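> I'll drop the sequence and a predicted model, then ask my questions.
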Amino acid sequence: MRLFLLLFTLFLLFSCNELKKENTRGTDEVLDDFSKMPDSIFMAGFKMLETLEETSFSKALALLQKEPNVTEIGVGDSLLSFRVSHGPMMLVPFGEGIPGTKGLSARSLSTAPFLTVQDEKDHVVAAQREDREHKKALILAPYLWEFGQNEDALVPLKKLENQRNYRGRITYKVNSTKNAQNISLDDYTSFEAYDMIYISSHGSMTCITKEGGIEITNGGLCHSFISTGVRLKKSELPQFKKSIGSEVFNGIAFSRSQEEGIIDVELLPEFFENHYKALENKLIIISACQLGQRGDIGDTFGKILRNSQLFYWQNTIDANDAKKAFSSLYDRMLDYGETAPVAFENMPDALKKNIPYFKDVKKQGDSVEVFNYLKLASQGNAMHLIEPVTFIDEKTRRPLDEGQVFPFEGIFEDNLPESANFTLELLGYDQNEMQQGHMTLTLKVDGETVLDNQSFLPDTDPYDHIEVQNGKNEKTTWVTFKGIDLRKDLKKNSSVKLEALFHFDGEHYGYQSLQVSTGSSDMRIEMEHEGDHITMYFDADNYGLKMVIPKENQTMYGDEQGFMYVHSDGEGWIKTEMKGMFAAIGSKMPINLDFLNDLPAKGTFLHKIPAFAATLTIAKLEQEPRAKKISGPLDAKTVFLADGHVKITFDAQKRLESLEDQGYIKYYYEPQKVTFPKAKLFQMPSF
């Protein structure tokens, strides 16, 4: 008998495959607008669910076929769907499904190949959009309680939470327990507000039958379902209908929960088609089983996507397999900067097609082997998950942080324009593709263009002001423009807006804007520990440093070339290089200076202390897991606690103000004039 049911289901599903899909409406003008649906029709299906509560699959099907008020019956893999008097779609699952998968049913039998609909051009979308670098992500995981660490929604969360385009702009909603209600239907109608939408859930499907369960009606009408994680008590149903009001939520279905007295809310593809006229410039991933079997998900989103991409699964998928696949996809989009279709193409085949899934039906040794596929529907231009251009610190090769001091060249406020070297990281294209796409860069400083549509390839002249280097992989390129005239005299302690525009064929581009500082410039630095006090004075104009140690009755100087100036009773002022003295003298400083080890080695080892004020930023600490923001703004100040005991405070201008532990370092931004004494050169032995 079990073998007969298996063969029957196979016949039904593969018969659906061959039939037309034009008719996507239910029979006899189903009233999906609940506000216009009489209560008697709305509630009739729920009463039928109660009748079917303790029945088997075959008995339930037979009962529905005999019921005159049932106007539509659908059969799926251990799943029935029906309507009573043209009311809402009702679902009756049988069994608990296969543990670890993202489906409601126990079997998945379609083996249709994956299909990619892709525009022939790989352009960047949203070139005209304002504020395109500040992207938003919506991540919904209604079954986190079930999937745990195998939850694939954790992939985009972990990979995007500290990415500059998304940091602080991720809406992450989960049901951490079976009875949690942190997700609502409103979340499924808010896609317009986001650039990236990721839904990790359960999926299933049914196909309409006539009496006898064999004859297909209505052109082979089949439905896919997406579980929302929204759960209702039966007593809440009338209020739910009323709360929707005049909103036309076509495509809502209701499923019998395994928990008595609870109804689960499911979505059909037409829910999205009827709610959204268009979804533009989106990357959408719906990770659930069986959504590609009938083509209704792809057809529906194909009508509403504009310059967007949708990923979904063909058949039953194990949650851990989904996590591996999307981890690879996001790595390609982030590390290589590839658009969604290109990243999909470059994923390993084993993660996206012919994924084996073997299910044992435990009857006479009968079994069915199913292969799964990740499907992509792409409309219009390709979607970049991140902006493919980033300002880079020339020395550290790390992205510049907001508010970081930028190494402008020149003396501020001298009525002469400054200049600068700009290094940019370009992602997503190898250098051959850049040349073929006639890619150029435009740079702006405080809104004024200082470099206009500058081509940078081929890099054939070693003596020009452009340097091109290979980056971390074949899709990463570093471009440095040297000695760019800024055409303005910058002010001390001021903020400067940098903008980079990455042009593709003169039309589409990547974009980054960044507020940097002209530098802390001059400062006085007070340091104290266990009664020992040191004062430093830093003159940014000549990079001069003066250090006064009252307890030792000693004064020292340091210059840009790395020479230290000390006074000797017998020799007078002498200067010498003391690069090897950092560890020795650092141990006597009033605070642990281990954090200075990675700073640029310009000037003397003492120059690292004022340089640190320009390097440590609020943006950097917000990404540092060892640092916790404990207040801000407090009198316009921002305070962090690092390693549980180091207090770091930034002033109202977001400049480093103090570090406090057992001692302290305090920064005062005020004009200084450091004049070096005349000194003899003295060669010290190396340490």
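Okay, I see it.

> can you pull out the strands in the stretch 351-500 of the chain?
Assigned strands in the stretch 351-500 of the chain, in chain order: 355-363, 366-372, 374-379, 389-392, 419-427, 440-445, 448-455, 466-470, 476-485, 495-504 (criterion: DSSP state E, counting those that start in this stretch).

> For residue 645, find the nearest of the ones you listed.
strand 495-504 (31.5 Å; C-beta to C-beta). Where C-beta positions appear, they are placed from N, C-alpha and C, glycine not excepted.

> Going toward the C-terminus from that closest one, what's the next helix or strand?
strand 508-517 (DSSP states H and E).

> in its sheet, what does the helix or strand just after that following strand sit against?
Next helix or strand after strand 508-517 toward the C-terminus (DSSP H and E): strand 523-529. Strand 523-529 has these partner strands in its sheet, going by DSSP bridges: strand 532-539 (antiparallel), strand 664-668 (antiparallel).

> Run the chain-centre distance for the next helix or strand after the first one.
So the one you mean is strand 532-539. Helices and strands here follow DSSP H and E; after strand 532-539, the next one along the chain is strand 544-549. Centre-to-centre, strand 544-549 and its host chain are 46 Å apart (C-alpha atoms, centre = their mean, to the nearest Å).

> Quick check: mean pLDDT of strand 544-549?
Averaging pLDDT along strand 544-549 gives 94.

> Remind me what it packs against, helices and strands.
Here strand 544-549 touches strand 532-539, strand 554-558, going by 3 or more C-beta pairs under 8 Å, 6 or more residues apart in numbering; DSSP states H and E.

> Show me the contact partners of the first one.
For strand 532-539, the surrounding residues in contact (C-beta atoms under 8 Å, 6 or more residues apart in numbering) are 520, 522-528, 544-551, 589-590, 606-607, 609-610, 672-674.

> In the sheet, which strands lie alongside the lengthiest strand in the chain, parallel or antiparallel?
For the chain, the strand with the greatest residue count under DSSP state E is strand 222-233. Sheet pairing of strand 222-233 (DSSP bridges) gives strand 203-209 (antiparallel), strand 262-267 (antiparallel).

> Please save the CA atoms from the first one in PDB.
If I follow you right, that is strand 203-209. Provided in PDB are the C-alpha atoms of strand 203-209 (Å, rounded to 0.1, in the frame of the first residue of the first chain):
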ATOM      1  CA  GLY A 203       8.400  25.400   2.200                       C
ATOM      2  CA  SER A 204       6.000  23.000   0.600                       C
ATOM      3  CA  MET A 205       3.600  22.500  -2.400                       C
ATOM      4  CA  THR A 206       0.300  20.900  -3.500                       C
ATOM      5  CA  CYS A 207      -1.400  20.300  -6.900                       C
ATOM      6  CA  ILE A 208      -5.200  20.500  -7.400                       C
ATOM      7  CA  THR A 209      -7.000  17.200  -8.100                       C
END
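
> Show me which residues of stretch 235-248 are buried.
Residues 237, 240, 241 are the ones in stretch 235-248 that count as buried (16 or more other C-beta atoms under 10 Å).

> which SS class is the first one?
Remark: residue 237 carries the secondary structure label helix [criterion: DSSP: H, G, I helix; E, B strand; the rest coil].

> list the contacts for it?
Contacts of residue 237 (C-beta under 8 Å, 6+ apart): 42, 43, 46, 263.

> let's go with 6 Å and repeat that
Contacts for residue 237 were tallied using C-beta atoms under 6 Å, 6 or more residues apart in numbering; there are none.

> per-residue confidence at it?
pLDDT at residue 237 comes out at 89.

> ditto for residue 311
95.

> and it, how far is that from residue 276?
Per C-beta to C-beta, to the nearest Å, residue 311 is found 17 Å from residue 276.

> Mind checking which of these two has more residues around it?
Between residue 311 and residue 276, counted using other C-beta atoms under 10 Å, the more crowded position is residue 311 (22 against 18).

> beta partners for that one?
Residues in a beta bridge with residue 311, per DSSP bridges, are residue 285, residue 376.

> Let me know whether it touches residue 285 as I believe.
Yes. Contact criterion C-beta atoms under 6 Å: residue 311 and residue 285 qualify, at 4.6 Å.

> Can you flag the buried ones in the contacts of strand 532-539?
Buried subset of those (neighbour count, 16+ other C-beta under 10 Å): 520, 522-525, 527, 544-547, 589-590, 606-607, 609-610, 672, 674.

> if I look at the closest residue in space to residue 189 that isn't next to it in sequence, how far off is residue 613?
Distances taken as C-beta to C-beta, 6 or more residues apart in numbering place residue 275 nearest to residue 189, at 5.3 Å, with adjacent residues excluded. According to C-beta to C-beta, residue 275 stands 51 Å off from residue 613.

> how many other residues sit next to the residue nearest to residue 41 when sequence neighbours are not counted?
Closest residue to residue 41 apart from its sequence neighbours, by C-beta to C-beta, 6+ apart: residue 87 at 4.5 Å. Residue 87 sits with 27 neighbouring residues when counted by other C-beta under 10 Å.

> Fine, thanks again, bye for now.
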